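J.: sequence first, then the predicted structure, then my questions.
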Amino acid sequence: MKSYMAKPEDIQRKWYIVDAEDVVLGRLASNVASILRGKNKPTFTPNVDTGDYVIIVNCAKVKLTGKKLEQKYHTYHTGYVGGLKEIQYKTLMEKDPCKVVMLAVKGMLPKNSLGRQMIKKLRVFEGAEHNHEAQQPIELKF
């Protein structure tokens, strides 16, 4: 009996839409990362991108539990000497809520070229409108 190994040309991709209103950020990110990776399919292969496309709408209304808005910080480096910066999640949610969702999902994907390929299949929108009606996305509930 041989194991099935998916080939890139055999993959059938679907489009899913997720409403992030009143959904906890971590739960949303882990479920979306699983779909982007393709772990919800029986043809999952670890070394091939078998995942589907995901559209997230209403990312400005995502919830963070506890005191994460005040206590959690996003840390990044500018690339210059002494360029370590940090920004509070409360400020980041006001400034760019789509980045918060994108960072959470990206952190749950593999840290290699395959993960960088998977994150390109994620589309995040601040409001309820999106420009992917032509793809006829299937609605997902978490």
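T.: Good, I have the coordinates.
J.: contacts and neighbour counts: CA atoms only from here.
T.: Noted.
J.: the helices in the protein, which residues?
T.: 25-37, 68-71, 89-95, 97-106, 113-119 (DSSP state H).
J.: looking at the ones you listed, spot the one closest to Glu129.
T.: The minimum distance between Glu129 and those falls on helix 97-106, with 13.6 Å, by CA to CA.
J.: go through that closest one and flag the buried ones.
T.: Pro97, Cys98, Lys99, Val100, Val101, Met102, Ala104, Val105, Lys106 (16 or more other CA atoms under 10 Å).
J.: residue contacts, the third one?
T.: With contacts taken as CA atoms under 8 Å, 6 or more residues apart in numbering, Lys99 has the following neighbours: Leu92.
J.: what's the spacing between it and Met5?
T.: 34 Å (CA to CA, to the nearest Å).
J.: hmm, back to that, for the buried residues of helix 97-106, which two are the farthest from each other?
T.: Taking CA to CA, no two of those sit farther apart than Pro97 and Lys106, at 14.5 Å.
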